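Undergrad: Quick check, what structure comes out for this input:
(chains A, B and C)
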Amino acid sequence: MRRLAAALRRFFAGDIWWSFRRSPIAVGAALVALACIFCAVFADWVAPHNPFDLTTLELLDARLPPSWLEGGSPKYLLGTDDQGRDLLSALMYGARISLFVGLASVLLSLLIGVSLGLLAGFVGGRIDSLIMRICDVMLSFPAILIALLIDGIARLRFPNAPETLSFGVLVLAIAMTGWMQYARTVRGSTLVERNKEYVQAARVIGVRPWRVMFRHVLPNVLGPVLVLGTIHVASAITLEATLSFLGVGVPPTMPSLGTLIRVGNDFLFSGEWWIVIWPSCMLVLITLSINLLGDWLRDALNPRLR
Amino acid sequence: MTPPLLEVRHLRVEIPTRQGTLLALDDISFEIAPGEVLGVVGESGAGKSLTGASIIGLLDPPSRIAGGEILLQGERIDTLPDEQMRRLRGRRIGAIFQDPLTSLNPLYTVGRQLVETITTHLDLSAAAARRRAVELLEQTGIPAAAQRIDQYPHQFSGGMRQRVVIALALAAEPQLIVADEPTTALDVSIQAQIITLLKTVCRERGAAVMLVTHDMGVIAETCDRVAVMYAGRIVEIGPVADVVHRPAHPYTVGLMGAIPSMEVERDQLLQIDGAMPRLNAIPSGCAFHPRCDKVMERCKVERPELMSAGPARAACWLHEERP
Amino acid sequence: MIAFILRRMAQAALVMLAVAFIAFTLFQYVGDPVNNMLGQDATPEQRAQLRRDLRLDSPAPVQFAYFVANAVQGDFGLSLKQGRKVSGLIAERFPATLELAVAAAVLALLVGVPLGVHAALRRGRPSAQATLLLSLLGVSLPTFLIGILTILVFSARLQWLPSFGRGELVDLGLWSTGLATADGLRHIVMPAFTLSVFQVALIMRLVRAEMLEVLRTDYIKFARARGLSNRAVYFGHALRNTLVPVITITGLQLGSLIAFSIITEKVFQWPGMGLLFVQAVEFADIPVMAAYLCLISAIFVTLNLFVDLLYFAVDPRLRVQGGAH
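TA: Numbers count the residues shown, from 1 in each chain, chains lettered A, B, ... in the order given. Here you go, the predicted model:
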């Protein structure tokens, strides 16, 4: 605990925090992202309604425009959809699902990628070549294709899957599209570290090089991996939204922002533009702020620019 | 007395930085006569390249000219608008840089780059320009010029490439060439060839050369006059024989002493204690005084101007004329 | 150089084989290959016959060999959902996707390159900053969202442009094009725009970064020192050197455009291969999925090879193997 406090103190006294405070864009983006995350995490308390509690829905309130327009009601700030669900609340719950899927898949991706990267870099030889080859081939395919394939295969194998399973498949599918970049970066650093004297010295002494590697490679690699991960969260969320929009994403009982947009798509021509616009804005807000943060983080951590 | 080709008067160049404004060139004054070869020598960071860059008007921002004048044949060029300055470059003042590998565009043939330069400044047809390009290559010592003109830069060796660079610099017959360390990036065996070539072709055309280098040997062989720079100032300037054999400024004395000589036996190479000060820590008075073995109280306070010391001029209180 | 080409082709063949293997696994093991070939309404005798024909009792490598042999001829069996030959379906839809992808690529180049050059040359000015921000937006916005928004604005609200389908087509035998009619052109505008946004942002950022690098080089400095005009320096030298890596990267992006068209085709109901693939995933139509996979890899691999050759053509340093003298 004390070490954590000391680390935090060092962080706030350091370059990165200084650079952060000086960049209005980074601060703005962080605030927006935090606000979205807050709403998403605490949706149960923050949201004015629970759009998925069927007992609270009133069909008579369906298709109401936002409160500031004619016909709107202050009870539903941003309007309602065709089932009478409050859009503001649906946004928050939807954001929660989107963020959850995004974070989970990035974490899984990190786990797979970092492990494989360490393995490839440390063991070398044929395993290294094999992993790198797979990396190269998978990298040349667009993420959406990989995700769709995995999803399609799962659908076939488990035609009547329960929610949690299809959720898990989705997370896996998205994770499989992104592990390659971590693997490559970590492998590169591992190769560099492997040849350094302290590793050889550790071998001579008898310390397992594994432990030494972890304590030294990981810190070196943390910076770029962090940047990659941040930007990856945004693209993971986007990918999930795309998949949900296409109908092969989250199960219908756990609607993410992508699902909401798909629903709203049906009302483009009937005039209820708000059903599609609000979830779209929320999605863009989240991804844009995370992207900006990632961009800033990359510049801040770049030793050349410092 | 023929009027000077280039006159630099009290030139000051400053570099604004986050920590404040640094004065990189502090009151530089010198002249170059038509056809003369002036060497500019000094350690890295003394300001030699900046002087050259200021003259051709290609100072990298944020560096900028903060004072003084630069006159070419009596007309001020430091205040010219961009378009006129551009016309001047290449046509009246040419430039040669250090690394021939990166000075040439790798995607274009040597011939195309030559012809482009020629037609920019001279009113020649494409065919005439090409003939002239071949001539230039021949004059700079490139064998089989008529065939090699259509080759790419990477097909030439380092020394050959620098010859091409020289040909390019001379393409529009400028009156002054600013050569910034033209041989530093070349093999030692080639350096002499290139320097001789430069001197010869410029002499043939009556072009003056401002040769910036840190190699005193090259200066001694090639130049008519030499200016010694230190910490953004000129500390000594004069005919090359005088400055080399009878240096007047203690720094120049130190520089000469550091050159190994075939004639004089010495146990150790003389070294000047200390290092050239950084731009944000230039001493008051004479910038060299912390390292000078002949330092006087006055040196620490008052900055000396260039004053007469025999045929040369040195910025040192030792040479103050006694009234 | 011949050695280089041969080596690359060998690599390409390897990759294709790996992909074919994945497709094969899909075909044989994830689904029922007999079902895949004959569809749902086949008699038991037909099935038994097919089992013999397909040598399903043979060892796996033999089956794989036959799969590859069939694949090379374009035979992937019948679509489970539509009951028609997969190859026919794909051939029908290929022109639509290709036209869309090419239109998007051309648009991306036409808009992205000038914007990137502008952002590099006018660095620091507000217009350049604005362009950079726009590019960030372009990279952050999901493609489907752009599609929906354009439909909302231009179809629903303004009613200027149609929102689905290809419109009037002209049949040229093997190929049916939508570019020959005004109606077809009106139909392709929004989908092409939607598909190109991500590319525009990417190209713009790439061009800007490359150009800034190039502008710092010695040969640009030397060109200026020779008194060449700004136009010659920026467009004759800097741009040419910038475009070399850009053009080649864009070539590779054509492949990803074809894949990204999946989303755009769904949004605009564009009858291309992408839409086919999405429907195949929804209905677990294995033959279509396998065929699409193989075709896409073939396209990617060919593009990769082509781009490598392009590098050779454009950069003289790679061409001449003779040493410097």
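Undergrad: Apart from its chain neighbours, what residue comes closest to the residue of the stretch 1-150 of chain A found nearest chain C?
TA: Nearest to chain C in the stretch 1-150 of chain A, going by CB to the nearest CB, is A:Pro142, at a distance of 4.0 Å. Glycine gets a C-beta too; all of them are placed from N, C-alpha and C. With CB to CB, 6 or more residues apart in numbering or on different chains as the criterion, A:Pro142 has its nearest non-adjacent residue at 4.0 Å, and that residue is C:Ala259.
Undergrad: OK, contacts around that neighbour?
TA: By CB atoms under 8 Å, 6 or more residues apart in numbering or on different chains, the contact list for C:Ala259 reads A:141-142, A:144-145, C:274, C:296.
Undergrad: Point out where the chain drops to low pLDDT.
TA: Looking at chain A here, since you left the chain open. Low-confidence segments of chain A, defined by pLDDT under 70: A:1, A:3-4, A:6-22, A:52-57, A:61, A:209, A:213, A:302-306.
Undergrad: not quite, I wanted chain B
TA: Across chain B (using pLDDT under 70), the flagged ranges come out as B:1, B:258-271, B:321-323.
Undergrad: quick one, helices of it?
TA: Ranges of helices in chain B, per DSSP state H, are B:48-56, B:82-88, B:100-103, B:110-121, B:126-139, B:145-148, B:158-170, B:188-205, B:216-222, B:240-245, B:250-257.
Undergrad: Of those, which is nearest A:Ser67?
TA: helix B:82-88 (57.7 Å; CB to CB).
Undergrad: Which strands or helices does the closest one pack on?
TA: On a contact count with 3 or more CB pairs under 8 Å, 6 or more residues apart in numbering or on different chains; DSSP states H and E, helix B:82-88 meets no helix or strand.
Undergrad: Could you check it and say which residues are buried?
TA: Neighbour counts over helix B:82-88 (16 or more other CB atoms under 10 Å in any protein chain shown) mark B:85-86, B:88 as buried.
Undergrad: ditto for stretch C:234-246
TA: In terms of neighbour count (16+ other CB under 10 Å), stretch C:234-246 has its buried residues at C:234, C:236-239, C:241-246.
Undergrad: List just the nearest of the residues you listed to chain A.
TA: Proximity of those to chain A (CB to the nearest CB) peaks at C:Pro245, which lies at 17.5 Å.
Undergrad: now the helices: where do they sit in chain C?
TA: Taking DSSP H, the helices of chain C run over residues C:2-25, C:33-38, C:44-53, C:60-72, C:86-121, C:126-140, C:143-150, C:182-215, C:218-225, C:230-231, C:239-268, C:273-282, C:286-314, C:316-319.
Undergrad: could you dump those helices to TSV with mean pLDDT and distance to B:Leu59?
TA: Output for these, formatted as TSV (pLDDT from 0 to 100; distance: least, CB to CB, whole Å):
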stretch	mean pLDDT	distance to B:Leu59
helix C:2-25	80	45
helix C:33-38	64	72
helix C:44-53	72	80
helix C:60-72	74	64
helix C:86-121	88	19
helix C:126-140	84	23
helix C:143-150	89	45
helix C:182-215	87	15
helix C:218-225	90	11
helix C:230-231	88	17
helix C:239-268	84	23
helix C:273-282	84	54
helix C:286-314	82	34
helix C:316-319	74	31
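Undergrad: Please identify the deepest-packed of the helices of chain B.
TA: Most buried of those by mean neighbour count (mean count of other CB atoms under 10 Å in any protein chain shown) is helix B:158-170; its value is a mean of 25.
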